[in-house]
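Asker: Just need the structure, nothing else, for what follows:
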Amino acid sequence: MPRLAISLAIGRFDVELDASRAPQTCAYFADLARAGELAKGSVFRITDDTNQRERDVPIHVVQFGLTNAMAAPRMAVAHEATNETGLHHSRWAVSAARFDAGHLYGSFFVCLRDEPALDYGGRRQPDGLGFAVFGHVVAGFDTIRALHRVAGPSEMLEHPIPVTDAQLTKSASYDPIDSDHRE
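Answerer: Alright, predicted model coming up:
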């Protein structure tokens, strides 16, 4: 399966894309990587229990995206809901951020724990359609954990952490040992 290799100053992680179950969403992010757009992005949002006290359903995610991703133009992409793909927001799942179903804006997030509230029928998105999982982190778990530890008093980082490179690869050229990555 194809992979996205995302590098930052603190490390690298790889996302295996599940193009067989989420082909539209995978194609969207693969196109952004091929065009060099993801390499211009950053980690701009990190959530945990301390910075979501006002939320009924707090989540633990690290969100990546294009510069000014929240304000970027949205692109129409078929919404590949979890009830259709069979992919779920389990620990290490990678999912497309959105405002409206089927309107993506160059941003994705990694789940640090199981987050069923993000699935179809979940309570996190008011329309109940959830978010579209399109892959899973398969290498670089320590990089994601280190990013999550940067969470501050606000979900949005005052100083986003730049992506230094983002490449679409076909093979597993990077595979650090991490014994608890699938717990």
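
Asker: Please pull out the lowest mean pLDDT helix or strand from the chain.
Answerer: strand 75-76 (a mean of 82; mean pLDDT, DSSP states H and E).

Asker: which other residues reach that strand?
Answerer: Strand 75-76 is contacted by residues 28, 102, 103, 104, 105 when judged by C-beta atoms under 8 Å, 6 or more residues apart in numbering. C-beta coordinates here come from the backbone N, C-alpha and C atoms, glycine included.

Asker: most neighbours, which of the residues you listed?
Answerer: When neighbours are counted as other C-beta atoms under 10 Å, the busiest of the contacts of strand 75-76 turns out to be residue 104, with 25 neighbours.

Asker: Remind me which helix or strand that one belongs to.
Answerer: Under the criterion DSSP states H and E, the helix or strand holding residue 104 is strand 103-111.

Asker: Okay, now the sheet partners of the helix or strand that that strand is followed by, with direction.
Answerer: Scanning forward in sequence from strand 103-111 by DSSP H and E, the next helix or strand is strand 132-139. Sheet pairing of strand 132-139 (DSSP bridges) gives strand 11-17 (antiparallel), strand 93-98 (antiparallel).

Asker: Now do the one helix or strand residue 7 maps to, average pLDDT.
Answerer: Taking DSSP H and E as the criterion, residue 7 maps to strand 3-8. pLDDT averaged over strand 3-8 equals 97, rounded to a whole number.

Asker: still on that earlier bit, of the strands paired with strand 132-139, which stretch is the most buried?
Answerer: Among the strands paired with strand 132-139, ranked by average contacts under mean count of other C-beta atoms under 10 Å, first place goes to strand 93-98 (a mean of 25).
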